[in-house]
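A.B. asks: Sequence first, predicted model second:
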Amino acid sequence: MPAPPRGPPGHGLGSFHRRRAGIAMAMQLFTPLTGIARSSVARALRYALPWLLPYLMVGSAFTLAGLSIPRDSAAAPLGAFLLAAAARMRELMPIVIWGSIGAMQALQRHLPRATIAFVCVGSGAIVEAFVRQHCGAAADAVLIPLSLLAPFGVVAVTARVGRIRWLRLAGAHEAAGQNVGDSLNFVFPALIAAAGLVGALYGGAALARALPWPSLAAWAGRLSPLELALAYTASNSVLWSAGVNGYYALLPLLERMPQALGGGLQAINPAFLGAYVFIGGSGASLALALALLLGSRLHRHRFIALVSLVPALFNLNELLLFGLPLILNGRLLLPFVLAPVANLGLAALALHEGWIRNVAADLPFNSPVVLNALIVGGGDRAALLLQGGNLLVGVLIYLPFVLAWERTLRQDSALEVKTLDTEYRQRLEEAAVELDDPVGLFRRELGANADLRGRLASLDAMDFVVHYQPKLERDGRFVVGGEALLRLDDGEGRILTPGQFLPDLERAHLSRQVDLWVMNAVVRQLSEWKASGTPLLPVAVNVGPESLLDRVVVAELAELARHHPGMLSFEITENSLIRDEATVRHALGSLRSAGATVQIDDFGTGYSSLSYLHRFDVDGIKIDRSFTAALDHPKGCDVFRELCALALRLDLDVVVEGVEQAWQLEHLPADPRVVVQGWLFAPALPAAGYVEYVRQRNGAYVAAAGGLEPVAAK
């Protein structure tokens, strides 16, 4: 069969480019459907469903292997087993979808992924048991759409209930480990979500019984075979595009089709549809696979099309439905309906004109392409020509829509998945999801993303550690606290500072996970110091804008701060305050109500700095090192003194960072609320070194003061 010619615009495929305006106008008719594809639910589906590809490929391989073994051969039992295993995998498909979507929802909501995935698997089992008990033959038609939508409600309820503190069975630092603690904390939320799910199922069933449903079989009885075939063909594609199993949902229509042959168009029956209409499965999707191979420029689409070819020859198209995916893909809905409808029209015309004949055959829909045409057509070459012609027509229908869809994807360079798991050690998997955006990226970004993945992979061999830089009272004699600073230990004696790795992590949208990891590490360290009898001093933790604007992250930070009230301070940058004032106010209130203090970091370098002091509830400011460095200039001294004086008049603590020369201390106000930090006293030290530094510095000061230990600044 000749393939459509390829070439630059104006030649071959150029005819499609000249029809762009027409295609765009046709797609405007489906604007609501294409809008659905941009919703958060559809976006989650678009990322979650491709995770099913290995599962689907195993099922397809088992089916193909089972069909290839003759029933009368010695290996027939193996073939029967493979077909039975593939059938069982298809039956379990709804539950597998539950787990996949649950894992993606956990990824987006900062929840423990394995725990939420298994909660969803259990919920899927509950739904399947209920539906099979109450829906009978219609169960297979509704299980997949339920598995596509219901997990969002289950995860939302589980996440909301999981925030209730008194329902948690484990603390943030469970002795058995965070993994076990996270699992225990979702026991009651999972039970409550399951109870709500059962209630919703019974309520939905009662509502369904109360509604007057028209009889599909009675309506089908009034249609001619051609009208019945047209209704079945179009409805099958529309239902599958929404995730509904069209085969089971439309069984009443299929059963009304004539099984015995009549004359002319009366001969249209299921075997006829399988041979000439559904070539490759619902939507005549073998044509879509070929169109992707011919016109797609996205490696991912071409790969899925390639692995879909062999299953599509047996009318199995799950790899395209769930891997591409076709479900809820408004951009491909129109050709998904048009291609099989056009095939039906051409096949009906050929049958009416006598160009082909229809031999009685009881063929399943997954009969091999070419073979089914030979059987249904009685071995005539005309049947093969018709099947090949319909396949070519399907390619021509799909191709311009594929080109228009991918052009839209290439224009959308936004990385949509921005919420990843809270466990930092899973950063590589999450970054891969983020960077390998299945919605598409600009081709010129692919190299940069590959480099970023390589740099992130290189971090996996290193250990993240927290060092502590001491903060001292104004004269630099007594340590009053410290700042927690993230470092990377490469295992060979080199310590990497944040400037060497944080930009990559921020680009991969992992800054929130970094903040949570550091906070967890600091709280654990304070707990260890307390247990060992080491005197505790306040520790400041940096929190970035992304964390401050995420209410889930803020709630976790506040919960951790409650373990050591009065011992933790959060340093936020000024650019955090210009994002969303209402959200920032809520975040600051949550952190302060947990017993922590809040300071504005790098004060004086942002926008409208002075207005922040009366618009937000903060406890202090941290004057940026650039002002400290400018103290050798008269104007620099004036600005520095005015900043300190203003903060002290507002009863705010002042931290002066970047102190590297002893003479700089002479310019500091003589006020106990002024604290200094810098290399003049100590760099950031490992935990053990920090404790030893505090012991030596404070011990010497206590001895010099006659044994009276001063009170640390707040």
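C.D. replies: In hand now; what should we look at? Numbering: from 1, shown residues only.
A.B. asks: which parts of the strand or helix carrying residue 693 are buried?
C.D. replies: Residue 693 is located in helix 687-704, with elements delineated by DSSP states H and E. Buried residues in helix 687-704, counting neighbours by 16 or more other C-beta atoms under 10 Å, are found at 687, 690, 691, 693, 694, 697, 698, 701. Placement of C-beta: from N, CA and C, glycine included.
A.B. asks: can you check stretch 86-98 too?
C.D. replies: Within stretch 86-98, the residues that qualify as buried are 86, 89, 90, 93, 94, 95, 96, 97, 98, counting by 16+ other C-beta under 10 Å.
A.B. asks: just to revisit the earlier point, now do the helix holding residue 693: which elements does it pack against?
C.D. replies: strand 463-473, strand 479-489 (3 or more C-beta pairs under 8 Å, 6 or more residues apart in numbering; DSSP states H and E).
A.B. asks: quick one: contacts of it?
C.D. replies: With contact meaning C-beta atoms under 8 Å, 6 or more residues apart in numbering, helix 687-704 is reached by 466-468, 470, 472, 477-479, 482, 525, 529, 534-535, 537, 682, 685, 708-710.
A.B. asks: Go again with 10 Å.
C.D. replies: Here helix 687-704 makes contact (C-beta atoms under 10 Å, 6 or more residues apart in numbering) with 465-470, 472-473, 475-482, 484, 521-522, 525, 528-529, 532, 534-535, 537, 539, 681-686, 708-710, 712.
A.B. asks: Could you pull out the helices in the stretch 601-714 of the chain for me?
C.D. replies: Listed from the start of the chain, the stretch 601-714 of the chain has helices (DSSP state H, counting those that start in this stretch) covering 609-615, 625-629, 634-649, 687-704.
A.B. asks: Could I get the CA-only coordinates of the longest one as CSV?
C.D. replies: So that's helix 687-704. The C-alpha trace of helix 687-704 is given here as CSV (Å, rounded to 0.1, in the frame of the first residue of the first chain):
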residue,chain,number,x,y,z
ALA,A,687,26.7,19.6,64.1
ALA,A,688,29.5,18.2,66.3
GLY,A,689,31.8,21.2,65.5
TYR,A,690,29.0,23.6,66.2
VAL,A,691,28.3,22.1,69.6
GLU,A,692,32.0,22.2,70.5
TYR,A,693,32.3,25.8,69.3
VAL,A,694,29.3,26.8,71.5
ARG,A,695,30.7,24.9,74.5
GLN,A,696,34.1,26.6,74.2
ARG,A,697,32.8,30.1,73.5
ASN,A,698,30.0,30.1,76.0
GLY,A,699,32.0,28.2,78.6
ALA,A,700,34.7,30.8,78.5
TYR,A,701,32.2,33.7,78.7
VAL,A,702,30.4,32.1,81.7
ALA,A,703,33.7,31.7,83.5
ALA,A,704,34.7,35.3,82.8
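A.B. asks: what's the angle from it to strand 463-473?
C.D. replies: With axes from the mean of the first three to the mean of the last three C-alpha atoms, to 10 degrees defining the directions, helix 687-704 sits at 20 degrees from strand 463-473.
A.B. asks: tell me which residues in the helix ranked longest in the chain are buried?
C.D. replies: In the chain, ranked by residue count with DSSP state H as the criterion, the top helix is helix 381-411. Across helix 381-411, burial judged by 16+ other C-beta under 10 Å covers 383-406, 408-409.
A.B. asks: Mind exporting the C-alpha coordinates of stretch 481-493 to PDB?
C.D. replies: Coordinates of the C-alpha atoms in stretch 481-493 are reproduced here as PDB (Å, rounded to 0.1, in the frame of the first residue of the first chain):
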ATOM      1  CA  GLY A 481      21.900  30.700  68.300                       C
ATOM      2  CA  GLY A 482      22.700  29.400  64.800                       C
ATOM      3  CA  GLU A 483      21.600  29.300  61.200                       C
ATOM      4  CA  ALA A 484      21.000  25.900  59.500                       C
ATOM      5  CA  LEU A 485      22.600  25.800  56.100                       C
ATOM      6  CA  LEU A 486      22.400  23.000  53.600                       C
ATOM      7  CA  ARG A 487      25.600  21.500  52.300                       C
ATOM      8  CA  LEU A 488      26.500  18.600  50.000                       C
ATOM      9  CA  ASP A 489      29.200  16.100  51.000                       C
ATOM     10  CA  ASP A 490      30.700  14.400  47.900                       C
ATOM     11  CA  GLY A 491      32.200  11.600  50.100                       C
ATOM     12  CA  GLU A 492      35.800  12.600  49.100                       C
ATOM     13  CA  GLY A 493      36.200  15.400  51.600                       C
END
